[in-house]
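Chemist: Sequence and predicted structure are below.
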Amino acid sequence: MYIKRFLIIKKQLYLNFRNVKGFYYIPLVFLYIVLPVLNIATIRQYGVCENAFTIICNDIQKFAPIMCSWWVIFAFKEYIEGDGCEVLYVYKKSIVLDVILIYIWYLIHITILMIVYSFYFTNIWLIFMRIAIQSLFFASGAYLCMFLFKSISISFMFIFVYEIICLFTNFGITKYISIFHSNSPINIRLMVTKNIPVIIISLFFLYLGNRLHKVYLK
Amino acid sequence: MWSLLKKNIKVFLRAYNILIVTLIAFIGFVGYLFLEVYNFTIHHDTMWFLLVSHRVSVFVFIISIYISYEYMIKAKNNHLDECVSTYSNGSNKLYGGSFAVLLLMSISLFLIFLVFNYFIYFIGGINNLAYAFHILKANFINIFLVSMLASLVGTCIAFSCKRFAAYSIIALIVFLISPISEQIPAAIYLGYGVDIYSYRNFFSNILPSNLYYQPDFLYGVSIEAFRWNLVGFWVSVSGGVLLYRFRKKNYQSGRVPIVLLIICASFNLFGYMSGGSYINLALSPHSVYNHDLLYYFNVEKKEQVAQFDVIGYNMNLVINRQLEADIEITIDNPLYLEKYLFTLYRGYKVKNIYNAEGEALEFQRDGDYIDIYIKTPKAHDSIRIIYEGYSPMFYSNNQGVLLPGFFPFYPMSGHRTVCYTNDEQGIYNFVLTTDEKNKHFEVKIKSGLEIISNLSTTNEIHEGYSDTLSLVGGFVVKEQIANYEVFNLAIDDKNKHKKENTLLTLNDEITKYEKMLGESDHFDISRYKIIQAPETLMHRIGHGTGRGSILALKFSDHVFLGLGYDPKLIATELLSFNIPNNYDKYSGINILMQYLVSKDSFIENMDVLQEKFIEQIEILGEEYVLKQTYHFLKNTSDTRTFENFLAQLK
Amino acid sequence: MLKIINACKQFKNKKALDNITINLENGVYGLLGPNGAGKTTLMRSVCGLYPLNTGKITFNDLDIKQNKRLNSIGYLPQKFGLFNELTIYEMMEYFATLKHIANKDQKNDIENCIERVNLLDRIHDKISTLSGGMVRRIGIAQAILGNPRIIIFDEPTVGLDPEERMCFKNTISQIKEDKIIIISTHVVEDIEASCSNIMIMNNGKLIVSGSNNYISSLAKEKVYLVDAENEKQLKGDFFIGKRTSIENKDVIRVLSGEKQNGKSVKPTIEDGYICILKGF
């Protein structure tokens, strides 16, 4: 039964992504072209060393998690802005499993990238966990924003603004709201302290998004 | 018109999802400004407030582009266009009214930021009209034009693109403009040697730069001409696209505004591509830090004393987007040399060189060095050099001018090191001395700014005798501080009291140190023109020198001082100019000056050489060691290292 | 059987559904009413899109909210234009998965539904290349896909040419066995041709429901053909319907509760509808 359900959702997602056309590939371009180009440039500059590793981790943190929200937003655009989108709510009461499946699919791509990096750096699996959790946050945040604002573009805007505030400004508020790690050393204790709340918040976003989905038309 | 606007405002206010986002944004901006007002009560720096208030301009852009897109898409999807297009000017009124609301939003943002900045200006007690106008211009370009441009772009995208393409284009624009993409050109350049900065800058220069660095009080915040050109270009392009979209096909008159906008866009594009001088503090290879660093570490420096004398300079300078110079140099050439050697910073491109008879002379340019070949050598000669350009470090444009006398912004005789570098010690520093004899200067300057020089000024002509020429322009005013006439940085309000204190005690500190070091030639600061050193001079022209800041520059008739800083530091730096330029003795100079400033902090973290120095003081006595060290450092014929000197000191 | 029991739905200051109670057996029902009567609200409530403030809706004695068999309902909303970048087949495939139609049956079902709406020759064309009427037909096709027990059409024939409207009526008559079909439309000919029962709503209330004949009969002896020149002599409350010309004479069709000076004619469903709304 679960396999059947999985196959149904998989097919729906496949068709949702077909509807997105070439824009589906944009996160993959970032993951497989932009990031590696930047990271190779860093290795060429510094060599395979701690310094390079820190810069590479920061670059991955900047680009990888936010791209997960791209798929979530674009895949379910019809649910928000399609003409006659209410018919979709008649047939499908919840898309939270679809969001999770998209997240897993994205995680598979991140894993491929990390496998390549693991040939050069040893601590890469801690970074993978960090990126996985941040991607979950962005995926669930995008899902919530879509149904909260009922607008694709404003959802994008909030996600961009959040990333810029957390990563590129020194506002005092960032230390309370940022899910990103600074150049602090990577260890399990820090991962647990910082990331467990992020997981909880992400799950809460999924729950809230699901609730808003159900009462979409009030 | 007014009722049309009122109705459209009503429509905007009833689009709840857009209204809520707008309100959140406005509340966020106002809250942020209030927080910075609170911070101002701590730091009291008016220009810093202006800078930090504009850090949110990227959010102004992002929010404006999204709100305008959503709002105009709603207007478009109402399908009213088809029916109102039959009315006279129906479509224009329909969409023009909607756009007017977005314009109102931009104006509101502009006014909010302006009010806050003027509030700080007034409570800061600056009282400088030029700076008040600077605030207006800065807010206009960094808030109003940024918001309006974003609204235009969002509107264009709403009417030109389908949904997926629209979202992707908006995301791409935000990506290019925002700091998210800032690292990419740096990584590509450092990793592959490919410079793509100019491509990103074509978008990112819409927003102000250098917002996370200490501002230069002489220069202000970034409102250079090329930024106006760039914004003007994008506004013209977006406006043209919109006009083209809404043109009535059978009417010729619709073409005129489009053509005008194309011309405007071309003009602005040309203006932008012309570039010019500006302060760039980013990671770019053309930045203040990297442009010269990357060059001087890899180039061979030349040192060759000129075998001719420069008697005088007659300069015609135009400072617009950059420096344009037409200089006549009078030369004493007793050896009838066929080649004159000059040093002119490589950022200034020589256009032509003529002799006294007006004949073009051949010349060879190698980095900072020019070799001019003379057709008919004479004992008394003059040549005319025409050049233009700029330096990333020492700016010269409509906003500010900082051309200090040690910097070869005009041709200086001989081949000289412009910037000293030492790979092992990690030193990189502009050479701060001139070793020049006095000569006559007559300088006419055309500029939108009032330019101050070390010479006397009569009828806008700067004239006099000096070892060098320094030019300063921007937010600088002549003021009386502690009975000294000072060319003071007017915006540096937080240090008002400290400046007075510095000047009151400086002379005493100098006298004290001169006594300790046995210096007989007393430096009387009252005989010099005093110019307050801006941030660029103090903190950007060198690193790895062992000193935190460069707080004093001394020339034959003027000084640059870091007013507001510890007078002991300034006094020791002024005295260090008595020591001939010798980087081999650099560690000795540093140790001596650090000891003079504060014995206690000197003793706290000592390296091997410092320990040896203290040891000698304990054995031979402080007065003796200090005087002997000073004498050693001044003695150019003594080529021992400082370590050897200490070891051999008895 | 679909039971709507004391259904109430309030939006801010407006009561969109006011204590509606009705039982619907298998058949085709027309839903008529003026703008703002609550027709769309009722249909959306049946689909489970709007939670009711009070009352409930059940299907085969199971609350519609708890009805997990989503393929029991087919719905065509007033506006329909989704998945513009997919082909017709792909879009139908998407809806087929939403309706949990087994993989092995999907292809046949889809092709059957597309054939019913006469778009089989364009089954692999993108939605964005179709005209508005064709997109509407796709909407009809997805509503009937999977053989749902309840089908709700909101203005199904908007944008369809007369031939396609005929086709739609034929489709309804072919599939109506064992189904509850509710059609909301302002085109009375569609109701006459397709529906066996009519429900009339106004101001959130269900005013009357019954067969076509019953609705028509409500206007019996209330419909007159009056000479146009006698228009000013009409008495009491009246409603002027059509203005036509019979044997070169201008006549007007008048609905009135009072006897008028003209020839009484056989009422239509439209006449019955107007008489109910006007209270004649």
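Modeler: Ah, there it is.

Chemist: Tell me which stretches of chain A form helices.
Modeler: Secondary structure of chain A (DSSP state H): helices located at A:2-20, A:26-29, A:35-46, A:50-75, A:77-81, A:86-91, A:96-118, A:124-149, A:152-168, A:174-177, A:188-214.

Chemist: Kindly report which one of these carries the lowest mean pLDDT.
Modeler: Here the lowest mean pLDDT among the helices of chain A goes to helix A:174-177, at a mean of 82.

Chemist: export that one as PDB, just CAs?
Modeler: Output in PDB follows, covering the C-alpha atoms of helix A:174-177 (Å, rounded to 0.1, in the frame of the first residue of the first chain):
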ATOM      1  CA  THR A 174      20.300  37.300  13.000                       C
ATOM      2  CA  LYS A 175      21.800  35.500  16.000                       C
ATOM      3  CA  TYR A 176      18.200  34.500  17.000                       C
ATOM      4  CA  ILE A 177      16.700  33.600  13.700                       C
END
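
Chemist: Quick check: B:S382 is in a strand.
Modeler: Yes. The assignment for B:S382 by DSSP: H, G, I helix; E, B strand; the rest coil puts it in a strand.

Chemist: That one: neighbouring residues, count only.
Modeler: B:S382 has 16 neighbouring residues, counting by other CB atoms under 10 Å in any protein chain shown. Every C-beta, even on glycine, is put in place using the N, C-alpha and C of the backbone.

Chemist: Mind listing the residues bridging to it?
Modeler: B:T330 (DSSP bridges).

Chemist: any idea how far chain C is from B:E509?
Modeler: Distance, B:E509 to chain C, using CB to the nearest CB, to the nearest Å: 77 Å.

Chemist: Could you grab the helix/strand/coil label for the nearest residue to B:S453 once chain neighbours are set aside?
Modeler: Nearest residue to B:S453, sequence neighbours excluded (CB to CB, 6 or more residues apart in numbering or on different chains): B:H462, at 4.4 Å. For B:H462, the assignment made with three-state DSSP gives strand.

Chemist: List the beta-bridge partners for B:H462.
Modeler: B:H462 has these beta-bridge partners by DSSP bridges: B:V443, B:T457.

Chemist: Pretty sure it sits against B:S447.
Modeler: No. Look at B:H462 against B:S447 with CB atoms under 8 Å: they stay out of range, at 11.8 Å.

Chemist: give me phi/psi at B:Y465?
Modeler: With angles defined as degrees, to the nearest 10, B:Y465 sits at phi -110, psi 130.

Chemist: how about the nearest residue to it once chain neighbours are set aside, what does it touch?
Modeler: In space, and not counting its chain neighbours, B:Y465 is closest to B:N438: 4.9 Å by CB to CB, 6+ apart. Shown in contact with B:N438 (CB atoms under 8 Å, 6 or more residues apart in numbering or on different chains): B:Y465, B:S466, B:D467, B:S556.

Chemist: Among those, which one lies nearest to chain A?
Modeler: Set against chain A, the nearest of the contacts of B:N438 by CB to the nearest CB is B:D467 (42.7 Å).

Chemist: wait, doesn't that closest one sit right on B:M412?
Modeler: No. B:D467 is beyond contact range of B:M412, at 10.5 Å (criterion: CB under 8 Å).

Chemist: Cool, thanks, signing off.
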